[in-house]
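>>> coordinates only, sequence not included:
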């Protein structure tokens, strides 16, 4: 039921504004304010747990956080699994099944890998990888929304728009249900991509991202926050702690 509801949120006239969360408190705040769905931010959770972003925390640690969020909030939850926490598509499919069994309705998986630096996986190679994951999920009767993040714009590759369009076509054929393109902010690029694919297009919070009303007119179906609100919250926390030090009292807190 939750999964079908989550899918339908990507087919509305107005985009799904996805509140990215990192713990129960942030999830409950999103619920209180009327957000329709939530998604984990892998970068925020990694930072909260003391890791650098890029699959440095274990899948088991991620599952612990996800279980707590699902148990405390009724909102549909999609989980960022980064590059899948494995090189083996069957292992990744088993991880996705674990999340689905907990009650997760969607996942994000990205087409880049982080070693010392982030590198884009060759598009046909990734499409085959994604297809192998999807075949196993179908076999196991796992119903989940697969949002594929493509990092053509994030990594500023040559002809990023054309590369993204190619990847959209390949990834849809491999079983993707949505296409997430962080760092794509140009109105003309967004419009071209939306017209070039049947997949719901997901963009992300950036300083120069167009207004939600402009993105609605272009046909964008999902808008994510990434880790930016988490970072802003902690910057404000640091500023408040600094004020406490300078004030020599807690009056500034109240």
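Looks like it came in fine. No experiment lies behind these values; they were computed from the predicted model shown.

>>> tell me the buried residues in stretch 110-127?
The neighbour-count check on stretch 110-127 (16 or more other Cβ atoms under 10 Å) flags 110-113, 120-121, 123, 126-127 as buried. For the C-beta atoms, the positions are set from N, CA and C on the backbone; glycine is no exception.

>>> just flag the most distant two among these.
113 and 127 (15.1 Å; Cβ to Cβ).

>>> ok, the buried residues of stretch 110-127 vs residue 239, which is closest?
residue 110 (31.9 Å).

>>> is it true that that closest one touches residue 83?
Yes: with contact defined as Cβ atoms under 8 Å, residue 110 reaches residue 83; the gap is 5.6 Å.

>>> break down the stretch 1-150 of the chain into its helices, ranges please.
Along the stretch 1-150 of the chain, counting by DSSP state H, counting those that start in this stretch, helices occupy 2-8, 24-32, 42-49, 59-72, 89-102, 123-139.

>>> quick one: residues contacting the closest residue to residue 227 other than its chain neighbours.
Distances taken as Cβ to Cβ, 6 or more residues apart in numbering place residue 43 nearest to residue 227, at 3.9 Å, with adjacent residues excluded. Counting by Cβ atoms under 8 Å, 6 or more residues apart in numbering, residue 43 touches 53, 226-227, 230.

>>> how many other residues sit next to residue 215?
22 (other Cβ atoms under 10 Å).

>>> also residue 52?
Around residue 52 there are 11 residues (other Cβ under 10 Å).

>>> same question, the one 3 residues further on
Using other Cβ under 10 Å, residue 55 is surrounded by 19 other residues.

>>> quick check: phi and psi on it?
Backbone geometry at residue 55, expressed as degrees, to the nearest 10, gives phi 60, psi 30.

>>> please name the nearest non-neighbouring residue to it.
residue 82 (5.0 Å).

>>> separation between the one you found and residue 201?
20 Å (Cβ to Cβ, to the nearest Å).

>>> more neighbours: which of the two?
residue 201 (26 against 22).

>>> do you know the pLDDT at the more buried one?
Looking at residue 201, its pLDDT reads 98.

>>> cool, the one 3 residues further on as well?
Residue-level confidence at residue 204 comes out at 98, pLDDT.

>>> against residue 180, how distant is it?
7 Å.

>>> give the residues shared as contacts by the two.
Common neighbours of residue 204 and residue 180 (Cβ under 8 Å, 6+ apart) are residue 224.

>>> now the contacts of residue 43: which count as buried?
53, 226-227, 230.

>>> separation between residue 31 and residue 168?
32 Å.

>>> higher neighbour count, those two?
residue 168 (22 against 17).

>>> tell me which element that one is part of?
Per DSSP states H and E, residue 168 falls inside helix 160-173.

>>> in that helix, what's buried?
Applying 16+ other Cβ under 10 Å to helix 160-173 flags 160-161, 163-172 as buried.

>>> can you name every helix or strand that that helix contacts?
With contacts defined as 3 or more Cβ pairs under 8 Å, 6 or more residues apart in numbering; DSSP states H and E, the packing partners of helix 160-173 are helix 123-139, strand 178-180, helix 187-196.

>>> swap the cut-off to 7 Å and go again
helix 123-139, helix 187-196 (3 or more Cβ pairs under 7 Å, 6 or more residues apart in numbering; DSSP states H and E).
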